[in-house]
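Chemist: Need a 3D model of the following:
(one chain, ligands or ions: 1)
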Amino acid sequence: MKIDLIKCHGSGNDFFIIDEISNTYDFTEEQRAVLAKALCDRSTDLGADGILYVLKSEKADARMRVFNPDGSEASMCGNGLRCVARYVCELFGLKEAIIETMKADLQVKKQEDIFEEIPTYLVEISPVSFNLEDLPLNLEIETLINEKISKISEELTFTALAVPNPHFVSIVDKEHISSDLQKNISEYLNGPNEFFPDGVNVSFVKPLKKGHIYVRTFERGVGFTNACGTAMSASTLVTCMNGLNEIGEPVEVYNNGGKVRCVVHEKNGRQYIDLIGNASYVYRSEADVNMENPAEFTLSPKVEFADEIKQYAKLQEYAQQFLKEWM
Ligand SMILES: N[C@@H](CCC[C@H](N)C(=O)O)C(=O)O
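Modeler: Residues are numbered from 1 along each chain as shown. Have a look, this model is predicted:
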């Protein structure tokens, strides 16, 4: 079967968009999962942090389904939603849209460029829950906010929240970023363990200066990625709860792939976050996939979005310089 692919990224968190609106692929559930495993495999000519399937929706402008490289389906993906926002807005000639995701219909909007000539979208990250059942996290308490679990770390405190995919966030010092701690904790919590039966996205957050933070995330179903949009949103909220940043104020969030901006809002006692950042295209290609064995595929020549790649490199350079100065 021939499948059109657009390689895209948000802060270097990269995905393939597969358009099931304009094409009639008629994938089975199992095929979506095995395609994710095959096409995201970085030992092939492709490789990515996930697949974004774009489908028709009964109640919104489009629907997004996100599959991790291990074949698991995620309830949300913030960086991916920005890419889908761009794709859907350009497909239908819109400036804003509603995208149906697994647990919520979310607002997305074209924004002023976050950096010179960088296509920029704002996506809503919601609903937020601190109820441990929503992650799930198996503990005999209702919420975990800035607390230690000694079996996980004797040293660090964590906050657990769902946005609505599960996140485990710790505010750390520079030494923790350069140690193996995050890798060890994340591998433990994403293997068989007593706490997170479905695994969890684990983020270390380093405050840089007021209104500026650095976030690194070990993603469930992937491993360390350049950035994770829902994690940066969850982490910004945690810094606001700790008085390091302010609700309603923009926070510049640096990551290993660039930077985004997050704004935490509170309405009727519920929080939601605006995640604002690039939605960049890298190349187009067509994969001819043997659906009996999706690991067997051939590719048409990749057609690069050379100007976008060049412009994004400037944003990355800027972000790296900032981190050199403030980390
Ligand atoms: N990279 C994403 C999150 C993708 C899903 C995540 N790995 C999960 O399983 O929850 C983002 O930008 O939010």
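
Chemist: residues touching V169, list them.
Modeler: Counting by Cβ atoms under 8 Å, 6 or more residues apart in numbering, V169 touches 158-161, 203, 205, 231, 234-235, 238. Glycine gets a C-beta too; all of them are placed from N, C-alpha and C.

Chemist: As JSON lines, those residues with secondary structure and distance to R220 would be great.
Modeler: Formatted as JSON lines, the contacts of V169 follow (DSSP: H, G, I helix; E, B strand; the rest coil; distance: Cβ to Cβ, whole Å):
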{"residue": "F158", "secondary structure": "strand", "distance to R220": "15"}
{"residue": "T159", "secondary structure": "strand", "distance to R220": "17"}
{"residue": "A160", "secondary structure": "strand", "distance to R220": "13"}
{"residue": "L161", "secondary structure": "strand", "distance to R220": "14"}
{"residue": "S203", "secondary structure": "strand", "distance to R220": "11"}
{"residue": "V205", "secondary structure": "strand", "distance to R220": "17"}
{"residue": "A231", "secondary structure": "helix", "distance to R220": "10"}
{"residue": "A234", "secondary structure": "helix", "distance to R220": "13"}
{"residue": "S235", "secondary structure": "helix", "distance to R220": "15"}
{"residue": "V238", "secondary structure": "helix", "distance to R220": "18"}
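
Chemist: So which bits of the stretch 1-150 of the chain are right by the ligand?
Modeler: Proximity of the stretch 1-150 of the chain to the ligand (Cβ under 6 Å from any ligand atom) is limited to residues 13, 50, 66, 68, 74, 77-80.

Chemist: from those, which two are the most distant?
Modeler: Of all pairs drawn from these, the greatest distance, 14.1 Å, lies between N68 and G78 (Cβ to Cβ).

Chemist: More neighbours: which of the two?
Modeler: The residue with more neighbours, out of N68 and G78, is G78; 28 against 21, by other Cβ atoms under 10 Å.

Chemist: Now that one. Nearest residue, chain neighbours left out?
Modeler: Once flanking residues are discounted, G78 sits nearest to G229: 2.2 Å by Cβ to Cβ, 6 or more residues apart in numbering.

Chemist: can you give me the strands for the stretch 151-300 of the chain?
Modeler: 159-162, 166-171, 201-209, 212-219, 223-224, 250-255, 258-267, 270-278, 280-289, 297-299 (DSSP state E, counting those that start in this stretch).

Chemist: Not counting the longest helix belonging to the chain itself, show me its contacts.
Modeler: Identified as the longest helix of the chain according to DSSP state H is helix 306-326. Applying Cβ under 8 Å, 6+ apart, the contact partners of helix 306-326 are 12, 114-119, 208-209, 212, 214, 254-255, 257-259, 278, 280-282.

Chemist: do stretch 262-270 as well
Modeler: Contacts for stretch 262-270 (Cβ under 8 Å, 6+ apart): 127-128, 232-233, 236-237, 240, 245, 247-251, 253, 271-276.

Chemist: same check, this time on stretch 288-298
Modeler: Contacts to stretch 288-298, defined as Cβ under 8 Å, 6+ apart, come from residues 1-3, 31, 34-35, 37-39, 41, 44, 46, 287, 299-300.

Chemist: run the last query once more with 10 Å
Modeler: With Cβ atoms under 10 Å, 6 or more residues apart in numbering as the test, stretch 288-298 has contacts from 1-3, 25, 27-28, 31, 33-39, 41, 44-46, 286-287, 299-300.

Chemist: Just the buried positions in it, please.
Modeler: Buried residues in stretch 288-298, counted by 16 or more other Cβ atoms under 10 Å: 289, 294, 297.

Chemist: and it, how far from the chain's centre?
Modeler: Between the centre of stretch 288-298 and the centre of its host chain there is 27 Å, according to Cα atoms, centre = their mean, to the nearest Å.

Chemist: In the stretch 151-300 of the chain, where is pLDDT below threshold?
Modeler: Across the stretch 151-300 of the chain, nothing is flagged by pLDDT under 70.

Chemist: for the ligand, what are the nearby residues on it?
Modeler: The interface of the stretch 151-300 of the chain toward the ligand, taken as Cβ under 6 Å from any ligand atom, is made up of 165, 201, 219-222, 228-230.

Chemist: can you pick the most crowded of these?
Modeler: C228 (33 neighbours).

Chemist: If any of the contacts of stretch 288-298 are buried, put those into a PyMOL selection.
Modeler: To isolate the buried subset of the contacts of stretch 288-298 in PyMOL, counting by 16+ other Cβ under 10 Å, use the following:
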select buried, resi 3+25+27+33+34+35+36+37+38+39+46+286+287
